[in-house]
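Engineer: Pasted the sequence and its predicted model underneath.
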Amino acid sequence: ALAAARTSADGRETITIADYAPLPTRALSTSEAQAFVGTYRNPRRFTVEVVWQGNALVLKRFGRDFPMRALERAGEFVVDLPQGNSEVVTFGRAAGRRADYLQMNVWALARVP
């Protein structure tokens, strides 16, 4: 959701939340998906795994599975979270190579060899 602040005549600020259109997603081929499959770790925090299940990438973290939908920009995915929230997961990689790390929220996780 997108927040917009407004100041009323008496000087009080109110914030309203407006919905926006869902992020546009695209199909992901099995061969393209393989660049992202792997285990990623932040040594001070946690480890996650990205797997190919059926016909989609799945983020496994904290004992739960979160399907990942590919966004228009290569290496960016949206993950739906509990309570209707979502977050964008971005992978860092050189063209034509496997991902070296993933960025999730404020956390960067390096690929485990």
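Structural biologist: Done, it's in. Remember, it's a predicted structure, so these values are computed and weren't measured experimentally.
Engineer: For Asn26, what are phi and psi?
Structural biologist: Heads up, residue 26 is Arg, not Asn. The phi and psi values for Arg26, taken as degrees, to the nearest 10, are phi -140, psi 160.
Engineer: Am I right that it is in contact with Glu72?
Structural biologist: Yes: using C-beta atoms under 8 Å, Arg26 is in contact with Glu72, at 6.1 Å. Every residue, glycine included, has its C-beta placed from N, CA and C.
Engineer: which residues are in contact with both of the two?
Structural biologist: Common contacts of Arg26 and Glu72, defined by C-beta atoms under 8 Å, 6 or more residues apart in numbering, are absent altogether.
Engineer: quick one, helices of this structure?
Structural biologist: Taking DSSP state H to define them, one finds helices in the chain at 30-33.
Engineer: the strands in it, which residues?
Structural biologist: Taking DSSP state E to define them, one finds strands in the chain at 2-7, 13-18, 25-26, 38-41, 47-53, 56-61, 64-71, 76-80, 86-92, 101-104, 107-111.
Engineer: quick one: which of those strands is nearest Glu32?
Structural biologist: Of all the strands of the chain, it is strand 64-71 that lies closest to Glu32, at 8.1 Å by C-beta to C-beta.
Engineer: Could you figure out how far that closest one is turned away from strand 47-53?
Structural biologist: Computed by axes from the mean of the first three to the mean of the last three C-alpha atoms, to 10 degrees, the angle separating strand 64-71 from strand 47-53 equals 70 degrees.
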